[in-house]
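[1] The sequence and its predicted three-dimensional model are supplied below.
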Amino acid sequence: MFDVISIGSGVVDILVKPEKMKISREWLKVERAAKGEVKEALITSGGGATNSAVGMARLGLKTACVAQIGGDLLGNYVMADLEKDKVEGSMIVRSKKDETDFAVILVGDDGSRSILVNRGKERLEEKDIQWGKIKKTKWFYISSLEGNVDLLEKLVGLAVENKIKVALNPGNRELKKRERLMPIINQVDFLLLNKTEAEMLTEKKLEDGKFWSRLVGYGAKMVAVTNGRRGAHLLTATSHFYCPIINHHPMDETGAGDSFGSAVTAALVHGLTAEKALDWGMKNAASVVAYMGAKQGLLKLNQIRK
């Protein structure tokens, strides 16, 4: 029996912080035809499923990961990275026809980043899931399925049938299928969105007076909205909590959302209150953005309890 099975994407992240890069509100720029130096770099596993699985494993949960990666050397790297944190990887699909997805992430001195993603031809499909095995868990943590709403429907349906709780962090391609997503959200225990995603789902701006009531009205038992450097909100049907950011000088914002969501979910699995779950989420995110990459700064249970 697992505490949580994290389902979504597995990739390799290649992070680069150039010595010379121009930063504006809209752009991270490097000079054309220049051969600049890199002052810091990191290669690590990434993607919503692996980031969240490691985050929850470090917070004391027995965790498994379900994702589709290639049968190549990058795929081996992902598997080795998960093994370091004792995340069960036997349900990960190793494709013989496709290479592992990867992302090149340019990181600015202010912690901002731009991400270039190379996606393969394949994605996680219904045939890839070990349906009998994934029933043996208390929670699902489902991140982006690359627009595969059919699979999302079946996963949440299985969860409802087997009294498995669901945390959902949908990607843009799921959110674009809004009408199909709505009845799924109604079955979710914890819905995680950033500000842009929440505005896309509600078709309202955060400043709109109807924004919060509409979001809660979709039926998820708990909803979190992260808003970058303006903090995060966590809501239930009867309460609304807000917390400002803790780290005002981030080194790299990659993985902030995954670290927040995995810590909130871990707190709920441990039986903590919504307010304490928000506190865990903000602490974990603050630690992650103090390091390069989405995993280096993930807190352990004894650290987040302080």
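    Right, received. Where do you want to start?
[2] What pLDDT does the model give the residue lying closest to Phe102 once chain neighbours are set aside?
    Nearest non-adjacent residue to Phe102, counting by CB to CB, 6 or more residues apart in numbering: Val12, 4.4 Å away. Quick note: C-beta positions are derived from backbone N, CA and C, even for glycine. For Val12, the model assigns a pLDDT of 96.
[3] Thought Ala67 was touching Val12, still the case?
    No. Contact criterion CB atoms under 8 Å: Val12 and Ala67 do not qualify, at 11.9 Å.
[4] Among those two, which residue is more densely surrounded?
    Ala67 (30 against 25; other CB atoms under 10 Å).
[5] Just the pLDDT for the more buried one.
    Reported pLDDT for Ala67: 97.
[6] pretty sure Ser291 contacts Asp252?
    For residue 291 the amino acid is Tyr, not Ser. Yes. In this structure, Tyr291 is within contact of Asp252 by CB under 8 Å, at 6.9 Å.
[7] Looking only at neighbour counts, state which of the two leads.
    Higher neighbour count among Tyr291 and Asp252: Asp252, with 26 against 17, using other CB under 10 Å.
[8] who's in contact with the more buried one?
    Residues in contact with Asp252, defined by CB atoms under 8 Å, 6 or more residues apart in numbering, are Leu15, Lys17, Val107, Gly111, Arg113, Val289, Tyr291, Met292, Gly293.
[9] Would you quantify the distance from Gly47 to Ala285?
    As judged by CB to CB, to the nearest Å, Gly47 and Ala285 stand 17 Å apart.
[10] Comparing those two, which shows the higher neighbour count?
    Neighbours were tallied for Gly47 and for Ala285 using other CB under 10 Å; the higher tally belongs to Ala285 (32 against 29).
[11] so the more buried one makes contact with Thr254?
    No. Using CB under 8 Å, Ala285 is not in contact with Thr254, being 11.2 Å away.
[12] possible to save the contacts of Asp252 as CSV with secondary structure, pLDDT and distance to Thr100?
    Listed next are the contacts of Asp252 as CSV, based on DSSP: H, G, I helix; E, B strand; the rest coil; pLDDT from 0 to 100; distance: CB to CB, whole Å:
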residue, secondary structure, pLDDT, distance to Thr100
Leu15, strand, 95, 16
Lys17, strand, 93, 23
Val107, strand, 93, 21
Gly111, coil, 87, 26
Arg113, strand, 89, 21
Val289, coil, 95, 25
Tyr291, coil, 95, 23
Met292, coil, 93, 20
Gly293, coil, 94, 17
